[in-house]
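In: missing the sequence, but the structure's below:
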């Protein structure tokens, strides 16, 4: 899992071009909110989408049922799996 960078302040500084700032300010005004709230809410929506994409594994319906079948009826361990398990440290 990726590490989250944290600092001990509630401030975040951004450097953006004047035209980009003007667009953000216009969009914030159209939403009847301030620039900080607009940027924060937009960034949080994007962050939630990225996190959801990383946390969810999508499979086809066929693969989903295959996974369920393997969970209900796992195959017997083969020699390679037994060797891998034997090579693991006794305590993790």
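Out: That came in fine, so what should we check first? Here the structure is a predicted model, which is why all the values come from computation and not from measurement.

In: for the rest of this, base every contact and every neighbour count on C-alpha atoms.
Out: Noted.

In: for the helix or strand encompassing residue 80, the averaged confidence score.
Out: Assigned by DSSP states H and E, residue 80 falls within helix 79-87. For helix 79-87, the mean per-residue pLDDT is 94.

In: just how off-centre is it within its chain?
Out: Centroid displacement of helix 79-87 relative to its chain, using Cα atoms, centre = their mean, to the nearest Å, is 32 Å.

In: farthest from the middle of this protein: give me that residue.
Out: Most distant from the centre of the chain: residue 79, at 36.0 Å, with distances by Cα atoms, centre = their mean.

In: give me the number of residues near residue 21?
Out: The tally of other residues near residue 21 (other Cα atoms under 10 Å) stands at 13.

In: pull up the per-residue confidence for it.
Out: 97.

In: and residue 9, by the same measure?
Out: Residue 9 is assigned 76 on the pLDDT scale.

In: how about residue 6?
Out: As predicted, residue 6 sits at a pLDDT of 65.
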